[in-house]
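K.L.:
With the sequence up front, the predicted model follows.
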Amino acid sequence: MILLNCSDVQKIYSGETLFSGVSMSVDSADKVGFVGVNGAGKSTLFKILTGEIDSDGGEIFKSKELKIGYLGQYALSGSDLSVWDETASVFAEVTEIENELNEIHFDIENKNGDIDALVRRQAALQERFAELDGFFYKSKIRGALLGLGFGEDEFSLSVNALSGGQKTRVSLGKLLLSDANLLLLDEPTNHLDIDSVEWLEDFLKGSNKAFIVISHDRYFLDAVTNKTMEMRGGILRVYNGGYSAFVKQSEIERKTEERNYENTAREIERLEGIVEQQRRWNRERNIKTAESKMKVIERLEKELVKPDAKPEEMTFHFAALQGGGQDVLVTEDLAKSFDGAPLFKNADVFIKKGERVFLVGPNGCGKTTFLKIILGQYEPTAGDYKIGANIVTGYYDQLQENLHMEKTVLDELYDEYPDMTLTELRSALAVFMFRGEDVFKLVGSLSGGERARVELAKLMLKKNNFLIMDEPTNHLDIDSREALEKALEGYDATMLMVSHDRYFINKLADRILYMTPDGIESYIGNYDDFAEKRKKAEISAPKKESAGKADYMERKRRESEKRKILSRFKKTEEKIAEIEDKIRGKEAELNAPEIASDYVKLGELSAEIGRFNEELEKEYLVWEELQEIIEESGYEI
């Protein structure tokens with residue numbers, strides 16, 4: 001079913017056309033990735049689709065069944081509700097029905113009011129409650145909040161007390177749980193760690209909702225999309241397949257357009273030569289031939305479409321400082337606490353010269369803090385660290401705290417490198433797309449992506465042999481990310497990176513460090529290797545026998561725990577089946593003709609079904625928790 005269709009939509013700002021001729025359709029089964037450089041008009045098109053702003057031409061046709069959900073409309077500027085209640089607000093009809101059913105049940109039990117009317121109302125509400133999947137809305141809320149990185153102890157927090165990133169995650173949870181059948185997702189993976197991004201991927205892959213997602217996360221796009229739209233040069237192009245398929249198709253399309261243009265241009269040039277020759281001979285037959293060829297030339301010139309110029313690419317490199325010791329970084333039992341609360345401990349790391357190491361882990365586990373300790377910006381609570389002999393570090397700060405908002409772009413570099421000439425500095429900035437008057441813009445007036453490019457320019461000019469970068473792809477569009485990847489591929493020294501960009505990690509990493517509160521685990525390979533090894537480790541039971549009593553007791557404890565978990569899981573499944581049988585029995589009684597007019601009996605049966613359904617929901621919650629434990633522990637059911 002077609003949910004949405006656009007025909008020749010355009011948008012003009014201050015006399016400049018942002019995009020025109022935008023034509024596309026969205027089917028109920030479409031999972032669409034939307035890519036393009038920053039400023040291409042992607043978010044503007046979203047706002048036109050939602051009606052937040054008007055287009056300047058074209059038509060948009062919306063199905064009667066269409067319900068658009070846009071992250072902007074769920075944004076939280078302030079709310080006195082708890083995280084749970086704010087998320088539950090998308091189930092307003094369900095909670096209202098639940099409350100009314102409780103009131104009706106009380107009135108029927110206490111014979112308050114018109115029992116016949118109450119029973120009829122109860123039956124209608126129960127039918128609607130089932131249609132809305134009301135018995136499982138609480139487990140849906142819980143699953144979404146846990147998946148998006150909230151702990152159960154945070155469900156009761158006031159939304160007003162949350163950080164901006166946490167509020168965005170609540171907004172995303174509300175959007176995903178809403179009844180919208182077309183989601184417009186603008187950078188949904190921002191503020192999510194890798195575990196939460198992977199949960200979001202699973203949710204979207206398993207959802208029957210259509211969506212269009214703006215994202216610079218190439219790994220994410222490949223995982224969840226079956227179609228790709230690209231906004232380039234004010235023109236929208238649509239391709240089948242995810243991001244990687246789009247890259248291949250667009251490159252083939254570009255080369256085909258260039259080849260056709262060149263062939264047509266050569267043919268026009270050849271025909272023009274014939275026309276010139278025929279006119280020189282100036283006979284009647286020659287004049288007719290020339291006129292005939294001119295008509296062909298005119299037709300070809302009308303058909304001739306010059307391919308769009310290939311977007312300008314950033315091309316830069318990091319010059320590695322030669323020398324330095326073989327042991328670049330060693331940490332032993334490193335730990336950090338804030339106000340007595342431990343962040344991490346037992347962080348043992350050994351990085352040798354030339355390694356490309358990525359530090360990953362959940363948000364808030366201490367990755368940035370770890371970097372700042374080895375840079376000397378924080379003091380460790382315990383443990384030691386050592387930077388190798390003649391090692392010079394270069395640091396990229398994801399928070400961009402080393403930029404000065406009051407300075408111009410040019411002064412930001414000049415004050416750091418006063419020995420360089422203005423010509424040299426302007427040449428360096430030109431590499432990062434700051435040309436002409438752009439170099440006199442205040443840093444504080446720049447977008448996040450532009451500030452990231454200023455910071456990269458500063459880092460490029462610094463000679464170092466240990467490059468430390470904290471989330472360097474944040475704020476960068478896909479083209480800029482690919483330029484950074486190329487620069488780092490050519491960097492002939494040691495790297496330590498914090499990143500949640502799995503595509504980026506796969507391109508560069510030869511080792512992954514996984515950070516936990518109790519230490520750091522090391523894995524050889526890129527992100528896919530790391531993910532596979534962790535998965536295998538989680539599902540593999542310990543195989544080595546130990547003669548030690550402690551190992552024996554631990555093994556016995558694990559076996560006992562496993563038996564208890566599996567036994568409880570089996571009993572829970574049996575309990576669920578038993579309750580479902582009771583519900584079916586009561587529903588059969590409820591539909592029996594002989595009690596159709598016995599409103600007291602009908603009320604009692606409806607109340608019993610309601611209680612059974614509440615009990616069933618509780619058992620399902622237990623079942624989900626046990627299922628999660630079983631999967632994480634690798635138990636075989």
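P.N.:
Sure thing, it's come through.
K.L.:
list the contacts for the closest residue to D27 other than its chain neighbours?
P.N.:
Excluding the flanking residues, the one nearest D27 by C-beta to C-beta, 6 or more residues apart in numbering is I2, at 5.8 Å. Backbone N, C-alpha and C define where each C-beta goes, glycine included. Taking C-beta atoms under 8 Å, 6 or more residues apart in numbering, we find I2 in contact with 25-28, 63.
K.L.:
Try it again at 10 Å.
P.N.:
25-28, 30, 61-63, 65-66 (C-beta atoms under 10 Å, 6 or more residues apart in numbering).
K.L.:
Check what pLDDT it gets.
P.N.:
If you check I2, the pLDDT there is 92.
K.L.:
do Q126 as well
P.N.:
Value for Q126, per-residue pLDDT: 86.
K.L.:
helices or strands up against the one helix or strand it maps to?
P.N.:
Element membership for Q126, per DSSP states H and E: helix 115-131. Helices and strands touching helix 115-131, by 3 or more C-beta pairs under 10 Å, 6 or more residues apart in numbering; DSSP states H and E, are helix 92-109, helix 599-633.
K.L.:
so the shortest one versus helix 599-633, what angle?
P.N.:
This points to helix 92-109. Orientation of helix 92-109 against helix 599-633 (axes from the mean of the first three to the mean of the last three C-alpha atoms, to 10 degrees) gives an angle of 140 degrees.
K.L.:
Which other helices and strands does helix 92-109 contact?
P.N.:
helix 83-88, helix 115-131, helix 137-147, helix 599-633.
K.L.:
got it, and the last one?
P.N.:
Counting contacts by 3+ C-beta pairs under 10 Å, 6+ apart, helix 599-633 is packed against helix 92-109, helix 115-131, helix 137-147, helix 527-539, helix 549-590.
K.L.:
Buried residues, the first one. List them.
P.N.:
It refers to helix 92-109. Residues of helix 92-109 classed as buried: 94-95, 97-98, 101, 104-105, 107-108 (neighbour count, 16 or more other C-beta atoms under 10 Å).
K.L.:
if we can go back for a sec, okay, the contacts of I2 in CSV with secondary structure and neighbour count next?
P.N.:
Shown next, in CSV, are those (DSSP: H, G, I helix; E, B strand; the rest coil; neighbours: other C-beta atoms under 10 Å):
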residue, secondary structure, neighbour count
S25, strand, 13
V26, strand, 24
D27, strand, 13
S28, coil, 16
D30, coil, 18
F61, strand, 12
K62, strand, 17
S63, coil, 15
E65, coil, 11
L66, coil, 18
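K.L.:
Which of those sits closest to K293?
P.N.:
Nearest to K293 among these is S25, at 42.0 Å by C-beta to C-beta.
K.L.:
quick one, what contacts the nearest residue to that closest one once chain neighbours are set aside?
P.N.:
Excluding its sequence neighbours, the residue lying closest to S25 (C-beta to C-beta, 6+ apart) is N5, at 4.4 Å. By C-beta under 10 Å, 6+ apart, the contact set of N5 is 23-27, 59-63.
K.L.:
three-state assignment of N5?
P.N.:
strand (DSSP: H, G, I helix; E, B strand; the rest coil).
K.L.:
Quick check: it vs R237, distance?
P.N.:
17 Å (C-beta to C-beta, to the nearest Å).
K.L.:
what's the answer for A265, then?
P.N.:
Taking C-beta to C-beta, one finds A265 at 23 Å from R237.
K.L.:
again, but for A29
P.N.:
21 Å.
K.L.:
for I60, same thing?
P.N.:
19 Å.
K.L.:
Spatially central residue for the protein, please.
P.N.:
Using C-alpha atoms, centre = their mean, the residue of the chain that lies closest to the mean C-alpha position is T189, 2.4 Å off.
K.L.:
and the gap between that residue and D470?
P.N.:
Relative to D470, and taking C-beta to C-beta, T189 is found at 17 Å.
K.L.:
same check, this time on G490
P.N.:
For G490 relative to D470 (C-beta to C-beta), the value is 21 Å.
K.L.:
Packing partners of the helix or strand bottoming out on mean pLDDT in the chain?
P.N.:
The weakest-scoring helix or strand in the chain, judged by mean pLDDT, DSSP states H and E, is helix 549-590 (a mean of 75). Applying 3+ C-beta pairs under 10 Å, 6+ apart, we find helix 549-590 packed against helix 599-633.
K.L.:
Helices along the stretch 301-450 of the chain, start to end?
P.N.:
367-374, 409-414, 422-431, 448-461 (DSSP state H, counting those that start in this stretch).
K.L.:
Could you point out which of these sits nearest A347?
P.N.:
By C-beta to C-beta (comparing all of the helices of the stretch 301-450 of the chain), the closest turns out to be helix 367-374, at 6.4 Å.
K.L.:
And the closest one, how far out from the chain middle?
P.N.:
25 Å (C-alpha atoms, centre = their mean, to the nearest Å).
K.L.:
how about that helix: buried residues?
P.N.:
367-374.
K.L.:
okay if I get these as JSON lines plus distance to I576?
P.N.:
Formatted as JSON lines, these follow (distance: C-beta to C-beta, whole Å):
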{"residue": "K367", "distance to I576": "41"}
{"residue": "T368", "distance to I576": "44"}
{"residue": "T369", "distance to I576": "44"}
{"residue": "F370", "distance to I576": "45"}
{"residue": "L371", "distance to I576": "48"}
{"residue": "K372", "distance to I576": "50"}
{"residue": "I373", "distance to I576": "50"}
{"residue": "I374", "distance to I576": "51"}
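K.L.:
which one of those residues sits closest to A531?
P.N.:
The closest of the buried residues of helix 367-374, once distances to A531 are taken by C-beta to C-beta, is K367, at 17.5 Å.
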